[in-house]
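Trainee: The following comprises the amino acid sequence and a computationally predicted model.
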Amino acid sequence: MIKRRIKALLKEILKSRFPEFAELTFEIEKPKRADHGDFSTNLALILQGKTGLKAREIAGIFLEELKKESLFQKIEIAGPGFINFWINSNFYRENLKVILKEKEKYGSLDIGKGRRVHIEFVSANPTGPLHIGHGRGAAYGDALSRILKFAGYEVFKEYYINDRGTQMNILGASVYLRAKELSGEKIAFPEDYYQGEYIKDIAKEALKLYPNLLSLEEEKAIELCRDLAIKMILDDIRNDLENFRVHYDNWYSERSLYERGLVEKVLNLIKERGYIYEKEGALWFKSSLFGDEKDRVVRKASGEWTYFASDIAYHYEKFVKRKYDFAINLWGADHHGYVARLKGALKALDIEENRLQVLLIQMVNLIEGGELKSMSTRRGEYVELKELIREVGVDAVRFIFLSRSHDSPLDFDVELAKKQSQENPVYYVQYAHARVCSLKEKAKERGYNLEEIYEADLTKLSEPEEIEILKKLSEFSDVIELSALGFAPYKIVYYLLELASLFHEYYNKYKIIGEDKELSLARLSLSEGCRMVINNGLRLLGVSSPEKM
RNA sequence: GCCCCUGUAGCUCAGCAGGAUAGAGCGCGAGAUUCCUAAUCUCGAGGUCGCAGGUUCGAAUCCUGCCAGGGGCGCCA
């Protein structure tokens, strides 16, 4: 927030004094050391290389122009030519008033300018329950959606259901075989079929729903089993996600692409452009022309369309028919080989490839008792998301999943996550929130009118820790911006930990509610500001803000 | 072999659109509660930023090569 203001001021001067470099990019940063000011810029150092003037000389020019700004308490030229700024602390006090006024809107931005963003995440095949890897994608996609919305984008969340294709047929056949087995038939269950116990539950249900299932023609029976399995598994997935506080705007069926003939239509478009050819009975897309390492099959010799073909049609629709400005896909890192071919297809359709952002989510390693657990849906070996949530709780699971960038692998230590203690960071942040709530209760008991908090005389806040907290609060919107532009919810996680830490220190050192009523009100006001910002941050992560702990 | 991600304190990780003397949490050691929630706080020990070059006034950050770990290279999804 202040950063943007300083940058704007500097740009103005740049425009008038160095018009040829009006578009120069430079940094406003928060120095590590306090004696380098609240903010500093390398502007003069960068300009030095471009103009041949000495950096400190250039800095002097800016200094003259900035002197009169009331935002600054002091400006200094330091070292090789840094300009260091000290902000007038009244500015920070004013900002607290802004927080108290804007409440849950504080920190929101309009950098999205209402642009429409489509975000697709999880999209797990309905072949089995969600496991913890899906959970990471779910938490990430949901938090990112909330953050982008807060930053001024119009966000649409979608789950793409792969409800046709080879895997679905294997799923149907798996259920059918289990149904046979249940009715006493001796069967051999192939290795590449779905092994999980849930298949038997679905088989049981199938026999209940269709008592004559086994006397039907096999193809028909498998189809019934398949559709029932998809429905039951999808219900389970939907249920898990709801419990995980993840809600979609739409669930999109792959099958519907075919029912509307869209796949054929879009592939024809590509064919008309000459990028489709036939070889060995299959249809190939010339993705190698668009940066992929080789060409890819869109329709197998068997006549069946590949998953890739559906995806081309789906994305064509996202951009051309549904007209989203951007689309974000969250995929497991094991799909990375897929990115080039999909982007290639977009290029072939004259769709700007940067409108699609694919975020690859790295693996989750589940650690239990120091042991690494491996997972495979096919083998029926995995830790289910619902199990993890039941053991650990939604707040802790989400917080931990969101504490890393999507491209870092994540070690999830179940025992640590379950601990309701200092080792578990989520409670550290929540505890700060609960503490403020408790303070307000205490104040009420002592006869304070809580409305007065909003009118407090903030000049009473002058302890270094108080100024420190005020500064931190003013950084919130900068964090939102970084988090939104970098698709990085973890930046909010770190910010909240820092803010909570400052508040806990402050709370331990100073009496918030004391003898001096004016001072107490000012401190309550500061505490309430912390609470609101923590609440806003946690809400963006989809983590609750408890009033009592 | 090729492609992507990762390598920073004992452990888990920030910092990486170059910037001034490398940070946090956990763990470890020592302490704090007659007082607003101790799920808190204070102090301490702990580092060749994987290795080697290069670019630069300046590199944990950018480039190249190498090493190590993970993932991917199907008419699978």
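Mentor: Yep, that arrived. Residues are numbered from 1 along each chain as shown, chains lettered A, B, ... in the order given.

Trainee: OK, contacts around A:L360?
Mentor: Applying CB atoms under 8 Å, 6 or more residues apart in numbering, we find A:L360 in contact with A:W331, A:G332, A:A333, A:H335, A:H336, A:V339, A:H406, A:D407. Just so you know, the C-beta spots here come from the backbone N, C-alpha and C atoms, and that holds for glycine as well.

Trainee: likewise A:A59?
Mentor: A:L43, A:A44, A:I77, A:G81, A:F82, A:I83.

Trainee: hang on, the third one in a strand?
Mentor: Yes: the assignment for A:I77, made by DSSP: H, G, I helix; E, B strand; the rest coil, places it in a strand.

Trainee: Is it in contact with A:G60, as I believe?
Mentor: Yes: assessed by CB atoms under 8 Å, A:I77 is found in contact with A:G60 at 6.6 Å.

Trainee: And the pLDDT for A:I13?
Mentor: In this model, A:I13 is scored at 88, pLDDT.

Trainee: ok so it is a strand residue?
Mentor: No: under three-state DSSP, A:I13 sits outside any strand and is assigned helix.

Trainee: Quick check: it vs RNA strand B, distance?
Mentor: According to CB to the nearest atom of the strand, to the nearest Å, A:I13 and RNA strand B sit 18 Å apart.

Trainee: And the next helix or strand past the lowest-mean-pLDDT helix or strand in chain A?
Mentor: Here the helix or strand of chain A ranked lowest by mean pLDDT, DSSP states H and E is strand A:371-373, holding a mean of 65. Next along the chain after strand A:371-373, taking DSSP states H and E as the criterion, comes helix A:385-392.

Trainee: What are the contacting residues of stretch A:415-430?
Mentor: By CB under 8 Å, 6+ apart, stretch A:415-430 touches A:368-369, A:391-392, A:395-397, A:399-400, A:403, A:493, A:496-497, A:500-501, A:504, A:534, A:537-538, A:543-546, A:549.

Trainee: before we move on, the earlier item: more neighbours: A:I77 and A:G60, which one.
Mentor: Set A:I77 next to A:G60 and count neighbours by other CB atoms under 10 Å: A:I77 wins out with 18 against 14.

Trainee: Leaving out sequence neighbours, find the closest residue to that one.
Mentor: Once flanking residues are discounted, A:I77 sits nearest to A:A59: 4.3 Å by CB to CB, 6 or more residues apart in numbering.

Trainee: What of A:I513?
Mentor: For A:I513, the spatially nearest residue (CB to CB, 6+ apart) is A:S520, at 4.9 Å.

Trainee: Quick check: that neighbour is in a helix.
Mentor: Yes: under three-state DSSP, A:S520 sits within a helix.

Trainee: how much space between the residue sitting nearest the centre point of chain A and A:L283?
Mentor: Centroid-nearest residue in chain A, with CA atoms, centre = their mean: A:L144, separated by 2.7 Å. With distances taken as CB to CB, to the nearest Å, A:L144 is found 35 Å from A:L283.

Trainee: go on, A:G135?
Mentor: 37 Å.

Trainee: same question, A:D516
Mentor: With CB to CB as the criterion, A:D516 and A:L283 are 80 Å apart.

Trainee: neighbour count winner among those two?
Mentor: Neighbour count, other CB under 10 Å: between A:D516 and A:L283, A:L283 has more, with 20 against 12.

Trainee: in the sheet, who's paired with the more buried one?
Mentor: Per DSSP bridges, the residues bridged to A:L283 are A:E278, A:R299.

Trainee: are any of the contacts of A:L360 buried, and which?
Mentor: Among the contacts of A:L360, those classed as buried by neighbour count (16 or more other CB atoms under 10 Å) are A:W331, A:G332, A:V339, A:H406.

Trainee: quick check, nearest of those residues to A:I453?
Mentor: Distances from A:I453 to these, taken as CB to CB, are shortest for A:H406 (39.2 Å).

Trainee: can I assume that closest one is in contact with A:Q362?
Mentor: Yes: A:H406 is within contact range of A:Q362, at 6.8 Å (criterion: CB under 8 Å).

Trainee: Run through the residues that contact the residue nearest to A:I513.
Mentor: Applying CB under 8 Å, 6+ apart, we find A:S520 in contact with A:A443, A:Y448, A:I512, A:I513, A:G514.

Trainee: Select from the residues you listed the one having the most neighbours.
Mentor: Counting neighbours by other CB under 10 Å, A:A443 leads the contacts of A:S520 with 21 neighbours.

Trainee: Would you mind measuring from the residue nearest to A:R446 when sequence neighbours are not counted to A:K32?
Mentor: Distances taken as CB to CB, 6+ apart put A:I513 closest to A:R446, at 6.4 Å, once the chain neighbours are dropped. As defined by CB to CB, A:I513 lies at a distance of 35 Å from A:K32.

Trainee: how far away is the residue nearest to A:I513 from RNA strand B?
Mentor: Computed as CB to the nearest atom of the strand, the A:S520 to RNA strand B distance reads 8 Å.

Trainee: per-residue confidence at that residue?
Mentor: With respect to pLDDT, A:S520 has a value of 96.

Trainee: What pLDDT does the model give the residue of chain A positioned farthest from its centre?
Mentor: The outermost residue of chain A relative to its centre, with distances by CA atoms, centre = their mean, is A:S215 at 49.2 Å. A:S215 carries a pLDDT score of 95 in this model.

Trainee: hang on, the earlier thing: ok, and which of the contacts of stretch A:415-430 reach RNA strand B?
Mentor: For RNA strand B, the contacts drawn from the contacts of stretch A:415-430 by CB under 7 Å from any atom of the strand are A:S403, A:L497, A:S501, A:H504, A:M549.

Trainee: Could you point out which of those is nearest to A:N90?
Mentor: For these, the residue nearest A:N90 by CB to CB is A:S501; the value is 25.2 Å.

Trainee: residues contacting the closest one?
Mentor: Residues near A:S501 by CB under 8 Å, 6+ apart: A:Y428.

Trainee: Over to A:H336?
Mentor: Counting by CB under 8 Å, 6+ apart, A:H336 touches A:L360.

Trainee: So, low pLDDT: which residues of chain A?
Mentor: For chain A, the stretches with pLDDT under 70 are A:369-381, A:420-423.

Trainee: swap the cut-off to 50 and go again
Mentor: Within chain A, the segments meeting pLDDT under 50 span A:378, A:380.

Trainee: the domain parsing of it - what is it?
Mentor: Under automatic domain parsing, the residue ranges defining each domain of chain A are A:2-87, A:100-111+A:423-541, A:116-163+A:246-361, A:166-242, A:364-418.

Trainee: In a markdown table, list the ones you listed along with distance to A:R93.
Mentor: Formatted as a markdown table, the domains of chain A follow (distance: least, CB to CB, whole Å):
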| stretch | distance to A:R93 |
| --- | --- |
| domain A:2-87 | 11 |
| domain A:100-111+A:423-541 | 4 |
| domain A:116-163+A:246-361 | 25 |
| domain A:166-242 | 43 |
| domain A:364-418 | 31 |
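
Trainee: Show me the one of those domains that comes nearest A:E94.
Mentor: domain A:100-111+A:423-541 (8.2 Å).

Trainee: Next, the closest residue to A:F39 other than its chain neighbours: phi, psi?
Mentor: Nearest residue to A:F39 in three dimensions, chain neighbours excluded: A:F85, at 4.6 Å (CB to CB, 6+ apart). Dihedral angles of A:F85 (phi, psi; degrees, to the nearest 10) stand at phi -120, psi 130.
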